[in-house]
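A.B. asks: What would the 3D arrangement of this be:
(2 chains)
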There are 2 protein chains.
Amino acid sequence: MSSDRASLLQALRDRLDPAGLQAGADIEMRFRKDWYAPLDPQPPLAVARPRDTGEVAAVLAACHRYGQPVVPQGGLTGLAAGATPRGGELVLSLERLRGVEAIDPQAGTMTVRAGTTLQAAQEAAREAGWLLALDLGARGSCQIGGNLATNAGGNRVIRYGMAREQVLGLEAVLADGTVLSALNKMQKNNAGYDLRQLFVGSEGTLGVITRAVLRLAPLPACTQTALCALARYEDVVALLRLAQRRLSGRLSAFEVMWADYYGIVTGRVPGMRAPLPAGHPFYVLLDLQGDDAAQDGAAFEALLEAALEAGLIADAALATSQKEADALWALRDAVAEFPQRWAPNAAFDVSLPIGSIGTFADSLRARVLAAWPQAELVNFGHVGDSNLHVSVHLPGATAASFPEAEIEALVYGVVGEFAGSISAEHGIGLHKKPYLHHSRTPAELALMRTLKQALDPRGILNPGRVFDAG
Amino acid sequence: MSSDRASLLQALRDRLDPAGLQAGADIEMRFRKDWYAPLDPQPPLAVARPRDTGEVAAVLAACHRYGQPVVPQGGLTGLAAGATPRGGELVLSLERLRGVEAIDPQAGTMTVRAGTTLQAAQEAAREAGWLLALDLGARGSCQIGGNLATNAGGNRVIRYGMAREQVLGLEAVLADGTVLSALNKMQKNNAGYDLRQLFVGSEGTLGVITRAVLRLAPLPACTQTALCALARYEDVVALLRLAQRRLSGRLSAFEVMWADYYGIVTGRVPGMRAPLPAGHPFYVLLDLQGDDAAQDGAAFEALLEAALEAGLIADAALATSQKEADALWALRDAVAEFPQRWAPNAAFDVSLPIGSIGTFADSLRARVLAAWPQAELVNFGHVGDSNLHVSVHLPGATAASFPEAEIEALVYGVVGEFAGSISAEHGIGLHKKPYLHHSRTPAELALMRTLKQALDPRGILNPGRVFDAG
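C.D. replies: Residues are numbered from 1 along each chain as shown, chains lettered A, B, ... in the order given. Below is the predicted model of the structure:
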């Protein structure tokens, strides 16, 4: 070990408590890889586990002094390899910065430390009679800091927006250890630049989020859920617009499953029943959240009747109990089964202008099948938010023979042709970095580098993630 | 004139059409001051009126080369002196970059040039069956580019968000003439940094917005409007939360008028009637926008009944026609009469955590009266968005004797004590720059300067507005 590294470790040891630093053989394996990325055979230099913002600042100030690369870590549930350390990097885990600091029922806000799990924050909000609307499958493990650093999306974006829209105030530590504390509780604040938005979605490359003030929403008293079958993609879009108009502010999910997805889930996942027959080209799962079960139920039924009369939907199943609603959502949540039941596969999280998604999916299928005639594709996603998930599986392929890089190059190329985004909600990390040029122009990439250089001149914060300093 | 300035003017003349440049005695007075700011006795160097993004880029590239300060101008309706040129600066007017380029009914988006008035954009959206939800009093004159550069707010923020939340894609020209074109139409796009947000609300100091993709909302079919009288500020907050819960997504305005405002408007503005007796401590104007008049009317009446039963409201007037609704809104819109009927006055646009607004208003009144016993204050605002407007008038004072700077120093000091923002929606410009430190920490101000330096190293874009380069 160089004397610089030894000095840095000593400086960190002097500043943190005994549980605050792991180095060498003491480093737990759980810090070495996130949900997605492969393990780097070279271990990180150390894992710092600060307890408060001051300790985060001290760790960054020391790393800045020594030019030590730092990888911030939340719940390690990311799907873009943004938080997996490479050999010699220092892991900065936020897991000990945990807890809800305050709920302000008059302001309708919650102040949360970065290491709090999303679920713990949701539960604290619910106990206080509020909804923290951000929600995604990894809620039990993912942390608020990671949710914000990656601008998380999920199932409720159509009504409540992305993580970005739910942050009112933010505390972040800059690369040199400067604490930027802007725990604003106001919906409106035009006093100078909106610095929050710099850090949200920048994947830990511009600063480390330590605390946030989140906007809370009224807790809905009731939910209406239905599954519809449709014949054409243009009917899917027409149903989306009809539902948004008729339910005026109460449409809370609009999830689309293509026939391929629906067929595989209802046909191959044990215990899954088909509430509507397979074989329709499209299935839409939609939710209304509201406050008056009788009124909302009537509005929801009127919507479905209007859609049937207009010939937009071929068939519909309306949940009449929470159990039935859960069964409908189980179809969509079955995506969690894919990594096991459908391996190996390449999974994509792309977005496109809503009107283009149908043509994109058809086009992509044709292009993939031309290259790999045995391929199976499934399409599903948060189409109401312009977000499509595609998964490509090659039956018979092994992990070793699976041409993941070739499939990715093809898919992201088609995304670029359709003026889409190579990442709707999962982020770029290390994994999608080679494809970023399909979605961003050279001028945009140059400005990202300008910002990185301005905020992190020594390049210590999550270096090489999102883009190369170049 | 220096030879540099002469060379710059020649370069601009060579690049623009004859109507594209005014210099010397040809400069029209209308470009020399905005709605708020006083006229600089020294004229600007010139007024450039480009017709497209390429011409904007050419103007900025030339100014960058010569180090020429540039003041971008929209509709000149700002209230913070952000667009008034000082002597020798070059005005960059966007007024010829006008028109709605496209409405995409499937994506639910509108692509608009920066110089389009808000009203023209709203009307184009409405004709296509959509709502452009951004709305404010200056709609007939203000321009989309200015709305975005200042992150405009208005009356519908509680449901649809600020201008920031309504922008999906943006085209901007950087200080050196680089065109950054990111006309994204997707709700979700996490492919790298969110560069849009840098330009929104930065008041023309980081780049010049030339085009935008705006999010459209379904056009509401019906509106319910009521005016309520309340006894205590805590009841105002309780009514806000009750209305948000009961109307679940359909609450579209929540405007509060204090007794002082209501008394003056109903007592002194000709033609204004009082739908509820004056003398109640608070009046709340609230709107529901929805799609089903019968259902929404029932929900709205049920809300008012629940609020009466809970003792939150003392009295209420429910509009039974559009004419009655307009009469209720006229009370709030009468603020436009203040500059004439209540001169001289100092007007404030501040925000505070919602729970603190009542105490802040009381406290501020006491502090102002202690300094100026003859003062009259009115309080009103978008309290549902944490935004309070305060206006202070000294009867008998003349424009010359009115102690505007002293009143401002007092008010912004109290805002700072309450952890509020000195500008909720109007921005900072030149006018509020001396007070920015009340709302932002030294670390935040330093980061703003870092961003300014990185994006505009020669300091040509709206220099001295928002903060000094320092």
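
A.B. asks: And the nearest residue in space to A:Leu247 that is not next to it in sequence, how far from B:Leu9?
C.D. replies: Using C-beta to C-beta, 6 or more residues apart in numbering or on different chains and skipping residues adjacent in sequence, the residue nearest A:Leu247 is A:Leu288, 5.4 Å away. No exception for glycine: its C-beta is placed from N, CA and C like everyone else's. Separation of A:Leu288 from B:Leu9 (C-beta to C-beta, to the nearest Å): 61 Å.

A.B. asks: Between these two, tell me which one has more neighbours.
C.D. replies: Per other C-beta atoms under 10 Å in any protein chain shown, whichever of A:Leu288 and B:Leu9 has more neighbours is A:Leu288, with 26 against 21.

A.B. asks: Each with direction, which strands does whatever helix or strand the more buried one lives in pair with?
C.D. replies: Using DSSP states H and E, A:Leu288 sits in strand A:282-290. Strand A:282-290 pairs in its sheet with strand A:222-230 (antiparallel), strand A:251-258 (antiparallel), by DSSP bridges.

A.B. asks: that older thread, who are the contact partners of the residue nearest to A:Leu247?
C.D. replies: Taking C-beta atoms under 8 Å, 6 or more residues apart in numbering or on different chains, we find A:Leu288 in contact with A:223-225, A:247, A:250-252, A:296, A:299-300.

A.B. asks: Which residue would be the closest one in the stretch 301-450 of chain A to chain B?
C.D. replies: Chain B sits closest to A:Gly355 of the stretch 301-450 of chain A, with a gap of 2.8 Å, by C-beta to the nearest C-beta.

A.B. asks: so how many other residues sit close to A:Lys323?
C.D. replies: A:Lys323 - counted by other C-beta under 10 Å - has 8 other residues nearby.

A.B. asks: typo on my end, A:Ile103
C.D. replies: 21.

A.B. asks: contacting residues for it?
C.D. replies: A:109-111, A:124-125, A:128, A:130, A:216.

A.B. asks: In this structure A:Asn151 contacts A:Gln197, no?
C.D. replies: No. The criterion here is C-beta atoms under 8 Å, and A:Asn151 misses it with A:Gln197 at 9.4 Å.

A.B. asks: for the host helix or strand of A:Gly267, packing partners?
C.D. replies: Using DSSP H and E, A:Gly267 maps to helix A:259-268. In terms of contacts (3 or more C-beta pairs under 8 Å, 6 or more residues apart in numbering or on different chains; DSSP states H and E), helix A:259-268 is packed against strand A:282-290, helix A:322-333, strand A:376-381.

A.B. asks: List, one by one, the residues from the stretch 351-470 of chain A near chain B.
C.D. replies: Contact residues, the stretch 351-470 of chain A versus chain B (C-beta under 8 Å from any C-beta of the partner chain): A:351-356, A:382, A:385-387, A:419-428, A:432, A:436, A:439-441, A:443-448, A:450-451, A:453-455, A:466-467.

A.B. asks: Of those, which belong to strands?
C.D. replies: Using DSSP state E, A:351, A:387 are the members of these that sit in strands.

A.B. asks: Now list the buried members of the residues of the stretch 351-470 of chain A next to chain B.
C.D. replies: A:351-356, A:382, A:385-387, A:420-428, A:432, A:436, A:439-440, A:443-445, A:447-448, A:451, A:454-455, A:466-467 (16 or more other C-beta atoms under 10 Å in any protein chain shown).

A.B. asks: hang on, the earlier thing: quick check: bridge partners of the residue nearest to A:Leu247?
C.D. replies: With DSSP bridges as the rule, A:Leu288 is bridged to A:Gln224, A:Leu251.

A.B. asks: What residues of the helix or strand of chain A with the lowest mean pLDDT count as buried?
C.D. replies: Between all helices and strands in chain A, the lowest mean by mean pLDDT, DSSP states H and E belongs to helix A:338-341, at a mean of 78. Across helix A:338-341, burial judged by 16+ other C-beta under 10 Å covers A:Phe338.

A.B. asks: so what does that helix touch, helix or strand wise?
C.D. replies: Counting contacts by 3+ C-beta pairs under 8 Å, 6+ apart, helix A:338-341 packs against strand A:345-351.

A.B. asks: how about the nearest residue to A:Gly153, chain neighbours excluded?
C.D. replies: Distance criterion C-beta to C-beta, 6+ apart; nearest residue to A:Gly153, sequence neighbours excluded, is A:Glu425 at 3.4 Å.

A.B. asks: Kindly write the ChimeraX command that selects the buried subset of the contacts of A:Ile103.
C.D. replies: Burial among the contacts of A:Ile103 is assessed by 16+ other C-beta under 10 Å; the matching ChimeraX selection reads:
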select /A:109,110,111,124,125,130,216
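
A.B. asks: now the helices for the stretch 1-150 of chain A?
C.D. replies: A:3-15, A:53-66, A:118-127, A:144-149 (DSSP state H, counting those that start in this stretch).

A.B. asks: Roughly how far does the residue of the stretch 1-150 of chain A found nearest chain B sit from A:Leu131?
C.D. replies: As assessed by C-beta to the nearest C-beta, chain B sits closest to A:Gln106 within the stretch 1-150 of chain A, at 2.8 Å. Distance of A:Gln106 to A:Leu131, given as C-beta to C-beta: 16 Å.

A.B. asks: residues near A:Arg246, how many?
C.D. replies: Residue neighbour count, defined by other C-beta under 10 Å, stands at 22 for A:Arg246.

A.B. asks: Output the below-cut-off pLDDT ranges for the stretch 251-400 of chain A.
C.D. replies: Scanning the stretch 251-400 of chain A for pLDDT under 70 picks out nothing.

A.B. asks: what are the bridge partners for the residue nearest to A:Asn379 when sequence neighbours are not counted, then?
C.D. replies: Computed as C-beta to C-beta, 6+ apart, the closest residue to A:Asn379 that is not its neighbour in sequence is A:Trp258, at 3.9 Å. In this entry, A:Trp258 is beta-bridged to A:Phe282, by DSSP bridges.

A.B. asks: any idea how far A:Trp258 is from A:Leu79?
C.D. replies: Using C-beta to C-beta, A:Trp258 is found at 21 Å from A:Leu79.

A.B. asks: the more surrounded of the two?
C.D. replies: Set A:Trp258 next to A:Leu79 and count neighbours by other C-beta under 10 Å: A:Trp258 wins out with 25 against 20.

A.B. asks: what residues are up against that one?
C.D. replies: A:281-283, A:361, A:378-380.
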